[in-house]
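>>> Here's a sequence, model it:
(4 chains)
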Number of protein chains: 4
Amino acid sequence: MTRVLLTAFEPFGGDSVNPSERAVADVVAVHPPGVEVVSSRLSCVFSVALDELTAAVARTEPDVVICTGQAGGRPDVTVERIAINVDDARIPDNAGRQPVDRPVVEGGPAAYFSTLPVKACVAAARAAGVPASVSQTAGTFVCNHVFYGLMHLMATQRPHMRGGFVHLPYAPEQVTDRAQPSLPVTLAAEGLRAVVTAAASRTEDIVVAGGATH
Amino acid sequence: MTRVLLTAFEPFGGDSVNPSERAVADVVAVHPPGVEVVSSRLSCVFSVALDELTAAVARTEPDVVICTGQAGGRPDVTVERIAINVDDARIPDNAGRQPVDRPVVEGGPAAYFSTLPVKACVAAARAAGVPASVSQTAGTFVCNHVFYGLMHLMATQRPHMRGGFVHLPYAPEQVTDRAQPSLPVTLAAEGLRAVVTAAASRTEDIVVAGGATH
Amino acid sequence: MTRVLLTAFEPFGGDSVNPSERAVADVVAVHPPGVEVVSSRLSCVFSVALDELTAAVARTEPDVVICTGQAGGRPDVTVERIAINVDDARIPDNAGRQPVDRPVVEGGPAAYFSTLPVKACVAAARAAGVPASVSQTAGTFVCNHVFYGLMHLMATQRPHMRGGFVHLPYAPEQVTDRAQPSLPVTLAAEGLRAVVTAAASRTEDIVVAGGATH
Amino acid sequence: MTRVLLTAFEPFGGDSVNPSERAVADVVAVHPPGVEVVSSRLSCVFSVALDELTAAVARTEPDVVICTGQAGGRPDVTVERIAINVDDARIPDNAGRQPVDRPVVEGGPAAYFSTLPVKACVAAARAAGVPASVSQTAGTFVCNHVFYGLMHLMATQRPHMRGGFVHLPYAPEQVTDRAQPSLPVTLAAEGLRAVVTAAASRTEDIVVAGGATH
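I've put the predicted structure just below:
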């Protein structure tokens, strides 16, 4: 049975909830058939989050790791294509750190592609009735930091492990008075379950367009 | 007991569903306590929709009428403030009609304000956990047409009746591959129930800002 | 020769410039042939702005009045279709006033349509190479306040005068670090000149779609 | 004297102009003091564009290469941070090619960072009054293809050359009836001149935040 480690983030940037935490809890509670799902909650703090991730991987020895986080303002579940080797924080993290143009890993490659079947994951979420798309950037904050750190860990120490990152929209209750796009946690979790299933069951991706002109 | 007539629209513009139909059906099935809810489905056709509305009002003799429709692209439930006396269609309606700069009612006033307690309706939806806001324009298509026609009917023939219009976002299943904001029908219905309750229980509005700088 | 009064607003909401002031100055300096252009600057203060407008109209006795203001975030020149009888301020005006759901004119009609040939004005701006469109709402702040007050003045005391409102985008120098749409003042002025010409030379509008589905 | 090669793209995707062509022509005509500017026009065709770029580099032997292209919908001049090793075309290129998830360079690294001083370039454009920002993704179409190919060429064969990519908004005349953000070519050129000056005069970047939370 494939073991999947899902990680989520604590709230940040003034929000009191993080939809990733609740969506991951939902997937752990009702996981896809044939897959073992374990989870871990990461601090929204540069470097600390990566230490926590590394410890969770060592503790759970998963086959697949899918880190998740909040992408406030995006309307759909986005499966990230690539992690880049830079920290550039517009806002302080939860420990007040605000690195600018620092590498996630000194001497690491400029970027790592997700080793999830990104297009298949998007297609699976859509087939489950959940709006989803490929994203060409995970930003330069703690989400990308963890995504890059995960891919570097796998590339250097865990060659048989596969992994990637999925961003979730705001939950409706976060934006009742903000006129911002949202997706209920139950629906985000449904999409995440589809992503987990697709990621656990196939290594080859499907060939469908999912790019951006810019 | 207050009787509320809810109207919804059939699909239009190439969509195969209209979230207003399903949200209204949900509110009829599970209506707020102390309120009788009846409903009617309107064609997305200029003039025909208004005849249907007039017939439904005559048939059901409601105290309050809340017409609903789809506002694809908006992220939240929007309670409309004002109906304007113009039809100006960017796309053809479901009968192929595409009026440009024609009055809804020849000789009617330029506009009617909603007689729902708009701000209280928004506050009630938000309190129910549903993203909501006031909208300053219902457009110039069939939604505004029906809204204006309703207000004119009440102003000229049904002075004791109150009414207005509520726009609902796309349902997620309409936009799985479109990267557009959405709101599940169950949540839209929850918001609509809150609006119905607020509209049925009070005539005076609350005083909270809900405007736009432009 | 047709005399056109153009009004502009002082800066507001924390901005140090208002593109409407500079665009109007540009049109006064280089006005369209066959048209006399006079101008007036209005305070961004409820009620005071209307007194200033009324005085400017009495002083200049124009044939056409076109009030202009800033619509930060809109990408193009927008010719407003309708003014509504409500003040609902999200932010304080320049005198700290923040009315909520108050009529512009007690007892006035719900709305007035612009008496400019709105579609012809948009077409003229586009023909001059300037992005432009019809807007279905001028908001509920001081711009709409002045627009409504103007139309009420004309409806009640100046039946031969025609008028309306045009919103201009941010100037680029206002948003160098904000990733917001903008339009240079020279281009906004070019669009405004086309609007002035169209407004001065015709009373009948052209019939082309310019509406919104919502 | 530093020699800068600027490249621009031919129109694509149904547009009849490409603002990059005209902005580059403007910078060639009026170039910054102390800098020699040469230019080349690239086809919007996968692979062909890269051959053309390679030939232009061989022909002009520049110190710095700045490729430019159109990013329709973006409101400001964006200096790209990173090029990624993937072609994924949502629309066909000008030769009808539509690669999906193919590497730009087989066996190349996942990504290359721009070797321009990205933050200094953005600061210079802003100081010149031109809206500008850092972009975390150049997309996956021909722009990113050329950007990646350029960086690969320099990394493998031209270690002393520096380069990067700058995206320009639509020109106003492209979107007069589309309600899309735009920037006049003269202003885009002004921003590009500032970028050229910054890129030619310094190799170290400044340390200011320019990241994205996602």
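>>> Helices of chain A, start to end?
If DSSP state H is used as the criterion, the helices of chain A fall at A:19-29, A:48-60, A:118-127, A:142-157, A:185-201.
>>> Does stretch A:101-114 reach chain D?
Yes. Using CB under 8 Å from any CB of the partner chain, stretch A:101-114 reaches chain D at A:Asp101, A:Pro109, A:Ala110, A:Ala111, A:Tyr112, A:Phe113. For every residue, glycine as well, the C-beta is placed using N, CA and C.
>>> top of these by neighbour count?
With neighbours taken as other CB atoms under 10 Å in any protein chain shown, the top of the residues of stretch A:101-114 next to chain D is A:Tyr112, carrying 25 neighbours.
>>> Spatially nearest residue to that residue, not counting backbone neighbours?
A:Met151 (3.4 Å; CB to CB, 6 or more residues apart in numbering or on different chains).
>>> cool, and A:Val38?
A:Thr60 (4.7 Å).
>>> could you list every residue that touches that neighbour?
A:Arg3, A:Leu5, A:Val38, A:Ser40 (CB atoms under 8 Å, 6 or more residues apart in numbering or on different chains).
>>> quick revisit: name the nearest of the residues of stretch A:101-114 next to chain D relative to chain B.
A:Phe113 (21.3 Å; CB to the nearest CB).
>>> how far away is the residue nearest to A:Val38 from chain D?
Distance, A:Thr60 to chain D, by CB to the nearest CB, to the nearest Å: 26 Å.
>>> what does A:Ala188 give?
Applying CB to the nearest CB to A:Ala188 and chain D gives a distance of 15 Å.
>>> Likewise for A:Ala49?
For A:Ala49 relative to chain D (CB to the nearest CB), the value is 14 Å.
>>> thinking again about what came up before, of the contacts of A:Thr60 - the most surrounded one?
A:Leu5 (24 neighbours).
>>> Identify the residue spatially nearest to that residue, adjacent ones excluded.
Closest to A:Leu5 by CB to CB, 6+ apart is A:Pro62, at 3.7 Å.
>>> Test my guess that the one you found contacts A:His160.
No. At 10.7 Å, A:Pro62 does not count as touching A:His160 under the criterion of CB atoms under 8 Å.
>>> Which of these two has more residues huddled nearby?
A:Pro62 (22 against 6).
>>> in chain A, what residue sits furthest out from the centroid?
Here chain A reaches farthest from its C-alpha mean at A:Asp177, the gap being 26.4 Å by CA atoms, centre = their mean.
>>> Quick one: residues contacting that residue.
Contacts of A:Asp177 (CB under 8 Å, 6+ apart): B:Arg126, B:Pro131, B:Ala132, B:Ser133.
>>> about what we covered before: okay, the residues of stretch A:101-114 next to chain D in CSV with pLDDT next?
CSV is the format used below for the residues of stretch A:101-114 next to chain D (pLDDT from 0 to 100):
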residue, pLDDT
A:Asp101, 98
A:Pro109, 98
A:Ala110, 98
A:Ala111, 98
A:Tyr112, 98
A:Phe113, 98
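>>> Show me which pair in those residues is furthest apart.
A:Asp101 and A:Phe113 (22.0 Å; CB to CB).
>>> picking up where we left off before, how deep is the residue nearest to A:Tyr112 tucked in, by neighbour count?
Each residue near A:Met151 was counted by other CB under 10 Å, and the total is 29.
>>> so it touches A:Ser114, yeah?
Yes. If you go by CB under 8 Å, A:Met151 and A:Ser114 touch, sitting 7.4 Å apart.
>>> Name the residues contacting each of these two.
In contact with both A:Met151 and A:Ser114: A:Ala83, A:Gly163, A:Gly164, using CB under 8 Å, 6+ apart.
>>> Can you pick out the ones from these that are in strands?
Among those, the members falling in strands (DSSP state E) are A:Ala83, A:Gly163, A:Gly164.
>>> Out of the residues you listed, which is nearest to chain C?
A:Ala83 (23.4 Å).
>>> circling back: give me the pLDDT value at the residue nearest to A:Tyr112.
Looking at A:Met151, its pLDDT stands at 98.
>>> show me the contacts for it.
So A:Met151 contacts A:Ala83, A:Tyr112, A:Phe113, A:Ser114, A:Thr115, A:Gly163, A:Gly164 (CB under 8 Å, 6+ apart).
>>> got a list of what the closest residue to the fourth one other than its chain neighbours touches?
With CB to CB, 6+ apart as the measure, A:Gly164 is the residue that lies nearest to A:Ser114, at 3.4 Å, once sequence neighbours are left out. Under the criterion of CB under 8 Å, 6+ apart, the contact partners of A:Gly164 comprise A:65-67, A:79-80, A:114-116, A:118, A:121, A:147, A:151, A:199.
>>> ok, those vs C:Ile206, which is closest?
Checking those one by one against C:Ile206 (CB to CB), the nearest turns out to be A:Val79, at 47.7 Å.
>>> Please report how far the closest one lies from B:Ile91.
33 Å (CB to CB, to the nearest Å).
>>> Now do A:Val166 against chain B, distance only.
Counting by CB to the nearest CB - A:Val166 and chain B are separated by 15 Å.
>>> and the gap between A:Ile206 and A:Val118?
9 Å.
>>> Neighbour count: these two, which is higher?
A:Val118 (25 against 17).
>>> measure that one to D:Arg97 for me?
For A:Val118, the distance to D:Arg97 equals 22 Å [CB to CB].
>>> what's the answer for A:Pro172, then?
From A:Pro172 to D:Arg97 the distance is 42 Å (CB to CB).
>>> The two - which one has more neighbours?
A:Pro172 (26 against 14).
>>> my read: the more buried one touches B:Ser182, true?
No. Using CB under 8 Å, A:Pro172 is not in contact with B:Ser182; the gap is 10.5 Å.
>>> Now the common contact residues for these two.
Counting by CB under 8 Å, 6+ apart, the residues touching both A:Pro172 and B:Ser182 are A:Leu183.
>>> need the contact list for A:Ala23.
A:Ala8, A:Thr68, A:Leu168, A:Val185, A:Ala188, A:Ala189, A:Leu192 are the contacts of A:Ala23 under CB under 8 Å, 6+ apart.
>>> If you rank these by neighbours, which is first?
Most surrounded of those: other CB under 10 Å gives A:Ala188, at 32 neighbours.
>>> Please report the distance of that one from B:Ala125.
21 Å.
>>> that older thread, mind putting the contacts of A:Thr60 in TSV, distance to B:Thr140 included?
Formatted as TSV, these follow (distance: CB to CB, whole Å):
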residue	distance to B:Thr140
A:Arg3	56
A:Leu5	52
A:Val38	54
A:Ser40	52
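>>> And these, which is closest to chain D?
Distances from chain D to the contacts of A:Thr60, taken by CB to the nearest CB, are shortest for A:Ser40, at 20.1 Å.
>>> how close does the residue nearest to the closest one when sequence neighbours are not counted get to A:Val65?
Among residues not flanking A:Ser40 along the chain, A:Ala56 sits closest, at 3.7 Å (CB to CB, 6+ apart). For A:Ala56, the distance to A:Val65 equals 9 Å [CB to CB].
>>> Compare neighbour counts for those two and give me the winner.
A:Val65 (29 against 19).
>>> Wait, that one touches A:Leu150, no?
Yes. Contact criterion CB under 8 Å: A:Val65 and A:Leu150 qualify, at 5.9 Å.
>>> shared neighbours, those two?
Shared contacts of A:Val65 and A:Leu150, counting by CB under 8 Å, 6+ apart, come down to A:Leu53, A:Gly163.
>>> Flag the shaky bits of chain A, pLDDT-wise.
Nowhere does chain A drop to pLDDT under 70.
>>> so who does A:Phe46 touch?
A:Asp87, A:Ala89, A:Asp93, A:Ala95, A:Arg97, A:Pro99, A:Val142, A:His145 are the contacts of A:Phe46 under CB under 8 Å, 6+ apart.
>>> what about the last one, distance to C:Pro109?
The reference is to A:His145. Taking CB to CB, one finds A:His145 at 58 Å from C:Pro109.
>>> Might you enumerate the residues of chain A proximal to chain B?
Listed as neighbours of chain B in chain A under the rule CB under 8 Å from any CB: A:75-76, A:125-126, A:129-133, A:172-173, A:175-184, A:187.
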